[in-house]
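Student: Okay, here's the prediction I keep looking at, along with the sequence it came from:
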Amino acid sequence: MEPESLRRVYELLHAAYGPQQWWPGDTRFEIMVGAVLTQNTAWINVERAIVNLEASGALSLEGVLALSAEALAELIRPAGYFNVKARRLLNLCHFIRQQGGEQRLADRQTDALRPALLEVNGVGPETADDILLYAFERPVFVIDAYTRRIFSRLGMISGDEPYEHLRQGFQQGLGPDVALYNEYHGLIVSHAKQACAKRPLCDDCCLRGECGFTTSHRISSLQNRGK
DNA sequence: TACCAGGAGAAAA
DNA sequence: TTTTCTCATGGT
């Protein structure tokens, strides 16, 4: 990944959408919960699930661990895949407790923490990196479906590269910078959603350019908005 | 009614 | 080793 291109795209997105101040989550624990619940799911539905957890007093490590998988599944139902996600969330909470709590995790180096998170059943690369970047403020770039689609349409990647290949590419191109990664990912999500308000990322109109999402057209549009 | 969304893991080929 | 299938609600 060319550092100049990565910076250029960032500057255009930032000019168009402004500062993101992104990840919706008030506590480190809430961010970790959100990272699991948002798997293949729109954030609006994750918020409903988090509201349910909070309303029932379960939005804490011990609160979740006090619930059965069935009870937890019922609370997180709006986020979809609730049976699967209930097990994954419990796995993550058991892991946090086994490791001695959030602070003990925070004390660990990223090189040790990332593989440990990936050992948890239900925590894959994207979920682990969401947690590392947003909950533990580590310089780890998150590669999600939006990132693949936007940068492949920009012609900067093919889109089917392995996760690690892309993560390393972005990180080497941008240099280690937590605030930049945080903001960049937020901008990518904003752009993906706002570029086509009717149906985010729909191939039909986006590929035809009807929503202004396609590459050169979109970039020039961003440039104009940024002026 | 049909389609899709900010993944991950297990099963099948 | 790679590909396919499964999990599920809610909005358009």
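Tutor: Nice, I can see it. On a predicted model such as this, the values are computed, not experimentally measured, just so you know. Numbering: from 1, shown residues only, chains lettered A, B, ... in the order given.
Student: separation between residue A:179 and DNA strand B?
Tutor: Distance of residue A:179 to DNA strand B, computed by Cβ to the nearest atom of the strand, to the nearest Å: 16 Å. For every residue, glycine as well, the C-beta is placed using N, CA and C.
Student: and that residue, how many neighbours does it have?
Tutor: When neighbours are counted by other Cβ atoms under 10 Å, residue A:179 registers 9.
Student: Give the buried residues for the helix or strand hosting it.
Tutor: Residue A:179 is part of helix A:178-194 when elements are defined by DSSP states H and E. By neighbour count, with 16 or more other Cβ atoms under 10 Å as the criterion, the buried positions of helix A:178-194 are A:180-192.
Student: Over to stretch A:28-36?
Tutor: For stretch A:28-36, the buried set under the neighbour-count rule, 16+ other Cβ under 10 Å, comprises A:28, A:29, A:30, A:31, A:32, A:33, A:34, A:35, A:36.
Student: could I get those as JSON lines with secondary structure?
Tutor: Output for the buried residues of stretch A:28-36, formatted as JSON lines (DSSP: H, G, I helix; E, B strand; the rest coil):
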{"residue": "A:28", "secondary structure": "helix"}
{"residue": "A:29", "secondary structure": "helix"}
{"residue": "A:30", "secondary structure": "helix"}
{"residue": "A:31", "secondary structure": "helix"}
{"residue": "A:32", "secondary structure": "helix"}
{"residue": "A:33", "secondary structure": "helix"}
{"residue": "A:34", "secondary structure": "helix"}
{"residue": "A:35", "secondary structure": "helix"}
{"residue": "A:36", "secondary structure": "helix"}
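Student: Which member of the residues you listed is positioned nearest residue A:170?
Tutor: Ranking the buried residues of stretch A:28-36 by separation from residue A:170, with Cβ to Cβ as the measure, puts residue A:35 on top at 18.4 Å.
Student: nearest residue to the closest one other than its sequence neighbours?
Tutor: residue A:130 (3.9 Å; Cβ to Cβ, 6 or more residues apart in numbering).
Student: Ok, residue A:52 next?
Tutor: residue A:75 (4.4 Å).
Student: related to what we said a few turns ago, mind exporting the C-alpha coordinates of the helix holding residue A:179 to PDB?
Tutor: Taking only C-alpha atoms (Å, rounded to 0.1, in the frame of the first residue of the first chain), the coordinates of helix A:178-194 have been written out as PDB:
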ATOM      1  CA  VAL A 178      -3.800   4.700  17.300                       C
ATOM      2  CA  ALA A 179      -5.600   8.000  16.800                       C
ATOM      3  CA  LEU A 180      -5.200   7.800  13.000                       C
ATOM      4  CA  TYR A 181      -6.400   4.200  12.800                       C
ATOM      5  CA  ASN A 182      -9.300   4.900  15.000                       C
ATOM      6  CA  GLU A 183     -10.400   7.900  12.900                       C
ATOM      7  CA  TYR A 184      -9.600   6.200   9.600                       C
ATOM      8  CA  HIS A 185     -11.800   3.200  10.300                       C
ATOM      9  CA  GLY A 186     -14.600   5.500  11.500                       C
ATOM     10  CA  LEU A 187     -14.400   7.400   8.300                       C
ATOM     11  CA  ILE A 188     -14.500   4.200   6.200                       C
ATOM     12  CA  VAL A 189     -17.700   3.200   8.000                       C
ATOM     13  CA  SER A 190     -19.200   6.700   7.600                       C
ATOM     14  CA  HIS A 191     -18.400   6.800   3.900                       C
ATOM     15  CA  ALA A 192     -19.700   3.300   3.300                       C
ATOM     16  CA  LYS A 193     -23.000   4.200   4.900                       C
ATOM     17  CA  GLN A 194     -23.500   7.700   3.600                       C
END
